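Visitor: take this sequence and fold it.
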Amino acid sequence: MSKLTLSIVIIFIAILGISVYSVNTDSNYGDLKKQLKASHILHKPDKKLHNFSLVDHNNEVFNNARLQDQWTLLTFIYTHCPDVCPTALMDMASIKSKLIDNGLESMPGFVAITFDPKRDTPKVLKTYVRYFDKDFIGVSGEQSQIDKLIKPFGTYYERSIEVDGNTVTIPNGAELPKGVKNYSINHTAWLYLLSPDGQIFAGFPTPHKPKAIAQDISLMMSQY
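Guide: Model prediction:
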């Protein structure tokens, strides 16, 4: 190998090393974080969603595969919620509208998963979520599967019941007393953006700011 050829090879390797180093050092999306207005990057490659299997409002399987190959805006709700959940779904509808206005070519999916599958059957969810937008997908299933799914999101809920005039909370995962049918649910109300590999990428705390969130989503999709 001539000295000229050897020099070219060394320069090429150095450039390649710099390129790889640049990609790796921004694996936490530091530059992107600085540009976001209403979002928190939650991307953790070492903490992936567990395998789960639920059912959508058309009684079709909703599992990890349904989150692949597209972005997804997701939240957790229950249909008996008097205010927080309807507001979250209205915000999601507003975000979708603003994404369309912004000219986003590839629209994310919009998913609402119930905390309360005992009352929120697929039929109930279909009527409920489509009131806010015809393309929204409501998801129900076994309580154990839902509880398993929400853990990586850091989402929390607890049921609240009245016993002899006193409010009693039933923590996430605990069984309701037998015969109890009336209860409310206290819960967190974040929206979450999942990347095309089906993993949590970003979160949007309350109060939601649809215009800023739509801008952030467009930015994250373009820089992913």
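
Visitor: now do the same contact list for the nearest residue to Val55 once chain neighbours are set aside.
Guide: When the adjacent residues along the chain are set aside, Val55 lies closest to Gly141, with 5.0 Å between them (Cβ to Cβ, 6 or more residues apart in numbering). C-betas here are computed from N, CA, C, even on glycine. For Gly141, the contacting residues are 53-55, 62, 117, by Cβ atoms under 8 Å, 6 or more residues apart in numbering.

Visitor: apply 7 Å and report the result again.
Guide: For Gly141, the contacting residues are 54-55, 117, taking Cβ atoms under 7 Å, 6 or more residues apart in numbering as the criterion.

Visitor: now do the spatially closest residue to Pro117 that is not a sequence neighbour against Tyr192, distance only.
Guide: Counting by Cβ to Cβ, 6+ apart, Pro117 lies nearest to Ser140, which is 4.5 Å off, once chain neighbours are set aside. Distance from Ser140 to Tyr192, counting by Cβ to Cβ, to the nearest Å: 18 Å.

Visitor: show me which of those two is the more surrounded one.
Guide: Ser140 (26 against 20; other Cβ atoms under 10 Å).

Visitor: tell me the contacts of the more buried one?
Guide: Contact analysis of Ser140 by Cβ under 7 Å, 6+ apart lists 54-55, 114, 117, 120-122, 125.

Visitor: and if you look at Lys98?
Guide: Shown here is Lys98, whose contacts under the criterion Cβ under 7 Å, 6+ apart are 210-211, 214.

Visitor: tell me the phi and psi of the residue nearest to Val55?
Guide: phi 140, psi -160 (degrees, to the nearest 10).

Visitor: one more: Pro205?
Guide: Summarising the backbone geometry of Pro205 under the convention degrees, to the nearest 10, its torsions are phi -80, psi 170.

Visitor: same question for Ala93.
Guide: phi -60, psi -40.

Visitor: hmm, it is touching Tyr131, no?
Guide: No: assessed by Cβ atoms under 7 Å, Ala93 is found out of contact with Tyr131, at 9.7 Å.
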